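model the structure of this input:
(one chain, ligands or ions: 1)
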Amino acid sequence: MARQKRLRFAQLEDMDNVVDGRCCEPGWFERAFGAQQAVGLELGCGRGEYTLAQARSRPDRGCLGVDRNGARLWKGAGIALDEGLANAFFLRSPIEHLEDHVPPGRVAEIWIPFPDPLPRNRQARHRLVSPLFLERYRQLLCPGGTVHLKTDDAHLVAFAEHAVHAVGGRILDGSDSLAGNDEATEVQTEYEKKYRGQGRTIYGRQFSLG
Ligand SMILES: C[S@@+](CC[C@H](N)C(=O)[O-])C[C@H]1O[C@@H](n2cnc3c(N)ncnc32)[C@H](O)[C@@H]1O
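Reported below is the predicted structural model:
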């Protein structure tokens, strides 16, 4: 393992706003966010740009970024500590284990920015917008809760729309930001900046899961 990565992993263990899903104590979610409050979730959060932005603009709401890649989480968790964002937390875990950590009905919004498109057919069930994952999210969302997807991959958009309908959900809104149109969306993640820089179209979809 590269030296820098080893250093980041060691620092992660000392960060009070990072929870390691492999060895965390039961009840950490309630200790972090209280017993009732609805939280925002960012899945495959990488550096956690949505978690940070939401934590800044909604100090009254808890925000949780989830990624299995600790080295990426390190960046967002460090920024949250530096800025004193007491409502932002980061969970290092596969999203497949989300229901072990997040109680049902506690999530108001889910952001899925630029998930890996996993283009091969045999990878389809691992896409973060597959029906299997959408069923997981449905358990976590509170009534009226919504999911926001952003991607540069048109096939993934079509796949997601199909999956939403397959689980009885509804597409609420959508936008296709054309290549070259660099209209600033409120939050741009590392991948969004990269794809916009390449002139790629960015698709946004918002949906409910019933
Ligand atoms: C293409 S990157 C996008 C990162 C960030 N959302 C952005 O827009 O810059 C996909 C991220 O999803 C994470 N990821 C993919 N599948 C995951 C899974 N099943 N569980 C947890 N994290 C996952 C990866 O580790 C990676 O950080």
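
next, give phi and psi for R205.
Backbone geometry at R205, expressed as degrees, to the nearest 10, gives phi -140, psi 140.

try T201
Dihedral angles (degrees, to the nearest 10) for T201: phi -70, psi 140.

and this structure, which residues reach the ligand?
44-46, 67-69, 72, 94-96, 113-116, 189-192 (CB under 6 Å from any ligand atom). (Each C-beta comes from the backbone N, C-alpha and C, glycine too.)

P103 - how many residues pack around it?
The local packing of P103 (other CB atoms under 10 Å) involves 13 other residues.

what do you get for the one 5 residues further on?
Neighbours of A108 under the rule other CB under 10 Å: 18.

per-residue confidence for it?
If you check A108, the pLDDT there is 97.

not counting sequence-adjacent ones, nearest residue to it?
A38 (3.8 Å; CB to CB, 6 or more residues apart in numbering).

which residues touch that neighbour?
R61, R106, V107, A108, C142, G145 (CB atoms under 8 Å, 6 or more residues apart in numbering).

strand partners of the biggest strand by length in the chain, parallel vs antiparallel please.
Secondary structure of the chain read by DSSP state E shows that its longest strand is strand 141-151. Strand 141-151 has the following sheet partners, assigned by DSSP bridges: strand 107-113 (parallel), strand 202-208 (antiparallel).

looking at those, which is buried most?
Among the strands paired with strand 141-151, ranked by average contacts under mean count of other CB atoms under 10 Å, first place goes to strand 107-113 (a mean of 23).

hang on, the earlier thing: give me the distance between the residue nearest to A108 and the ligand.
22 Å (CB to the nearest ligand atom, to the nearest Å).
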